[in-house]
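A.B. asks: all I have is the shape, not the residue letters:
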């Protein structure tokens with residue numbers, strides 16, 4: 001049986017590509033912030049958008065143009081769960097909730113997860129999904 005992955009830190013490059021004035025290097029994101037950015041990137045990337053990896057991402061953006069109801073919210077929830085489980089091995093999902101906001105034509109998303117390999121409390125990431133016009 002394989003032993004669980006143990007790590008001391010996670011580091012990713014910031015998507016802003018801004019320069020750190022202290023060391024003239026790109027600004028980095030660490031641990032919780034790096035994982036949260038990665039999860040957002042997975043959810044908002046359309047499959048085929050990432051070069052050399054046509055399966056990376058989720059089909060959430062296509063579901064935003066379906067009827068706004070609980071069935072679509074359930075489909076979005078399943079798509080988010082599947083894509084995070086497939087492409088982010090650094091987390092263990094605890095709960096994904098998607099609720100439609102009929103007045104604003106948007107879905108409120110909350111993702112709760114644990115980071116594998118570091119001592120951190122349960123993390124929560126919340127954002128809004130709206131169809132692009």
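C.D. replies: Structure's in. What do you need? Please read these numbers as outputs of a predicted model, since none were measured by experiment. Numbers count the residues shown, from 1 in each chain.
A.B. asks: helix/strand/coil for the residue nearest the centre of the chain?
C.D. replies: In the chain, the residue lying closest to the centroid (C-alpha atoms, centre = their mean) is residue 39, at 1.9 Å. Judged by DSSP: H, G, I helix; E, B strand; the rest coil, the three-state class of residue 39 is helix.
A.B. asks: what's the spacing between it and residue 93?
C.D. replies: 10 Å (C-beta to C-beta, to the nearest Å). Any C-beta I mention is one placed from the backbone N, CA and C, and that applies to glycine too.
A.B. asks: please name the nearest non-neighbouring residue to residue 97.
C.D. replies: residue 110 (4.8 Å; C-beta to C-beta, 6 or more residues apart in numbering).
A.B. asks: just to be sure, the one you found is in a strand?
C.D. replies: Yes. Counting by three-state DSSP, residue 110 falls inside a strand.
A.B. asks: tell me the bridge partners for it.
C.D. replies: Residue 110 forms beta bridges with residue 97, residue 126, as assigned by DSSP bridges.
A.B. asks: count of neighbours near it?
C.D. replies: 13 (other C-beta atoms under 10 Å).
A.B. asks: what's the burial count for residue 58?
C.D. replies: Counted with other C-beta under 10 Å, residue 58 comes out at 22.
A.B. asks: for the residue nearest to it when sequence neighbours are not counted, give me its contacts.
C.D. replies: Spatial nearest neighbour of residue 58, chain neighbours left out: residue 83 (3.7 Å); criterion: C-beta to C-beta, 6+ apart. Listed by C-beta atoms under 8 Å, 6 or more residues apart in numbering, the contact partners of residue 83 are 42, 43, 57, 58, 60.
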